[in-house]
Structures are given as structure tokens and as C-alpha cells.
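[1] Let me see the structure of the following:
(2 chains)
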Amino acid sequence: MEDKNIDDARPWIEGANAEFPCTIDTKHIVSDLYNMFNVPTIVWIDESGKIVRPNDVVVMNESGAKLVKVDPEEYIQKIRNWVINDSSPVSSKDEFIKLKNQRTPADKEQLARAEFALGQWLFDNKEISLAVNHFERATELSPADIMIQRGTMSMRGMDPMKDYGPIAGEIIQKGFKLYRPIRD
Amino acid sequence: MSKHNYTVLESNSSQEILLELRDNNLWIGQDDLSLKLNWTLKPEGLCKEEICVPVKQPTLLSSDSQINLMQFAQELNRPLTLELNKNVVFLGESAYDRSVALYSQQAPEITLPDLDGNLHNLSEHFGKKLCLVVHASW
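    Sure, this is the predicted structure:
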């Protein structure tokens, strides 16, 4: 879970009661390393540690599933086929290329992540208004980075559930997609 | 001329380094650049382990035995953000470095704590098929 502190993540991890390890990333290291822009993002890794299917965003609820255009049940079945039957992680060469092209971050996106990380440190050290300056700067640099937009809302005095709608609307109006990196 | 301890942050580290703020630029001692940030200025360029990057603007980069931290970041195309009010700097990873790592297709190592504070490495689980799922409370 990538959250600003462990307490935010705790109820979700405890509620899931998963058999697999659940860790907390409060410094936003993973979204930087793997070029992730929203949650939930799923990466398939084979036995040798190779990424065989890069960043997918798959949402379980109906409205979210319509937005990302991925049927969650079909997706889970694909995972099962891969694990049990060793089926190919991607259905076609085109799909692989498209997924692979999602991987490249741009300079501005990395700068936004640096503003985000600095803001997080300031927030953790109780410098709230200074933190907010950097969060705002980060959202200007990378408007479609929802990790940053939505991830900083609770630190900017907003409710990431109730207040997200208008922000999401603005981002879509600017021509960005909520669930895919900038370049298709 | 004012030398102060700055908190220099990188992706997963935090160090106190003596920096000098001079004409709106931050300067780091060459020794500190090597010892603390693992980069050394050599005739071949800026070097880290076996990699050397030729310097594009050497006169802007170094002066006496100090390195201009902003210029250093620019030479490596690394994002640098700062909050001078709190003497803190964040030095991020370049888009190029992140891209190269991902194009290699080798899943970058992740080391993170669970709720009990125990650290887990992604690589501990290699040997079977994995789904890395990143989520958030929001």
C-alpha cells in the first residue's frame, strides 16, 4: 500500500487478512521505481524476476471497471491461466508493445515525483504549508499523476473520496486519462 | 557565503551534508560528493562505480574543490527540488535511469516494512510467478 503513513494503510491490510506479505510504502518509492500513476496497479513478474506484463490498472467495482475498460473477473481468470497453465501474459505482440511503451517516465513526471517526495518529507516534519506548496507544484508538473493528485489530497485539507470527483473531471477535461500513463 | 548542514534526501535515504549557498547556488565539497553521494568528478567526467558521464558544462560544475549541486543534477538529468527555508533538498532519479531499468525488464528490487515493521524484499519471492499489486487507502 502506498500511503502517507502506516495508520492509513492499517485497516485495509488488516481487513484483507491476506496470506501474502503486505507492505507499506510511505516514501512513494514503488510508484517512482515502476512508473505508476494510479492505484490499483498490477505488475506480473515471472520466476526469474522478469516483468512479463507491465503496469495494468484493474478496478474491481463496476463503475471503475467501465472507466478502465478492463473486466476484473476476466483479468483474474487471465492471472489464473498464467499461473496454472503457463499461458502467455499478453494476448498479442501489439498488446505487449503497448504495455511496454507505458513504461517510460518523462522528465517532468520525475520532477513532479521529486516535488512530491520533498513535500512528503516536509509534511512528515510538520511543515504543512511548505509541504502543500510542493504538492501543488507536483500536481502542476504532472496533472495526470493520480498517485500525487489523490495521494496528497488528505495532506492538502481535502477528502480523497468526497472531493475527488471535480478534480478527476478537470483532469479528464484537460485531455488526460485517469488510469493510463500519459503516452499510449 | 554561508555553509550549513542540509538534509539531502534521495529515493530511500536521508543524509546531513554541509552545503554552501552562494549566489543562489548550492555547493557541495568534492569529497562529500564522493563519500556521501557516490559520484566523483574525474577527467573522464562524473563517475559512479564503473559508469562515467562526460560533463557538458565543466566551468559551471566545479569551482576550487566544490561542485555546484544544481549543475551536478542537471548534468545527470536528475530532478532536484529544494526548500531553502528548511535546508532540505531532494535529489531524484532521472527519467532515463528509470526507463533503462524498466526496459531491462528485470523487476526493480523493493524493500519495505509490513505492519509489524519487518522488512520484505521483492526478490525473496523470485522462483515463483508473482503479481505485484500497488494500492492505497484512497
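[2] where's the closest residue to A:Lys50 other than its chain neighbours relative to A:Leu99, distance?
    Closest residue in space to A:Lys50, ignoring its immediate chain neighbours: B:Gln105 at 5.1 Å, by Cβ to Cβ, 6 or more residues apart in numbering or on different chains. Every C-beta, even on glycine, is put in place using the N, C-alpha and C of the backbone. Separation of B:Gln105 from A:Leu99 (Cβ to Cβ, to the nearest Å) stands at 12 Å.
[3] and what of B:Gln66?
    Per Cβ to Cβ, B:Gln66 is found 45 Å from A:Leu99.
[4] between those two, which one's more packed in?
    Counted by other Cβ atoms under 10 Å in any protein chain shown, B:Gln66 and A:Leu99 do not tie: B:Gln66 has more neighbours, with 20 against 17.
[5] Let me see the contact set for that one.
    The contact partners of B:Gln66, by Cβ atoms under 8 Å, 6 or more residues apart in numbering or on different chains, come to B:20, B:27-30.
[6] Looking at those residues, which is nearest chain A?
    B:Ile28 (17.4 Å; Cβ to the nearest Cβ).
[7] Let me see the backbone angles for B:Gly92.
    As for B:Gly92, its main-chain torsions (degrees, to the nearest 10) stand at phi -90, psi -180.
[8] Share the number of residues neighbouring the residue lying closest to it once chain neighbours are set aside, please.
    Leaving aside its chain neighbours, B:Gly92 sits nearest to A:Ala114 (3.6 Å; criterion: Cβ to Cβ, 6+ apart). By other Cβ under 10 Å, the residues close to A:Ala114 number 29.
[9] do the same with A:Asp86
    Counted by other Cβ under 10 Å, the residues lying close to A:Asp86 total 10.
[10] A:Glu19 too?
    6.
[11] List the residues that contact it.
    Contacts of A:Glu19 (Cβ under 8 Å, 6+ apart): none.
[12] go on, the one 5 residues further on?
    Taking Cβ under 8 Å, 6+ apart as the definition of contact, the neighbours of A:Ile24 are A:1-3, A:6, A:9, A:13, B:112-115.
[13] tell me the SS of it?
    Three-state call for A:Ile24 (DSSP: H, G, I helix; E, B strand; the rest coil): coil.
[14] I figured B:Val88 hits B:Leu82, correct?
    Yes. Between B:Val88 and B:Leu82 there is a contact under Cβ atoms under 8 Å: 7.0 Å.
[15] Now for those two: what residues contact both?
    Listed contacts common to B:Val88 and B:Leu82 are A:Leu118; contacts here mean Cβ under 8 Å, 6+ apart.
[16] Spatially nearest residue to the residue nearest in space to the middle of chain A (excluding sequence neighbours)?
    Nearest to the mean C-alpha position of chain A, counting by Cα atoms, centre = their mean, stands A:Asn38 at 2.5 Å. Of all residues not flanking A:Asn38 in the chain, A:Ile146 sits nearest, at 4.0 Å (Cβ to Cβ, 6+ apart).
[17] what comes up buried for the longest helix seen in chain A?
    For chain A, the helix that runs over the most residues, judged by DSSP state H, is helix A:107-124. Residues of helix A:107-124 classed as buried by neighbour count (16 or more other Cβ atoms under 10 Å in any protein chain shown): A:108-123.
[18] Just the mean pLDDT for that helix, thanks.
    Averaging pLDDT along helix A:107-124 gives 97.
[19] And it, what does it pack against?
    helix A:29-33, helix A:128-141, helix A:146-149, strand B:2-10, strand B:80-83, strand B:88-91, helix B:95-103 (3 or more Cβ pairs under 8 Å, 6 or more residues apart in numbering or on different chains; DSSP states H and E).
[20] what's the most buried one of those?
    Greatest average neighbour count among these goes to helix A:146-149 (a mean of 26), per mean count of other Cβ atoms under 10 Å in any protein chain shown.
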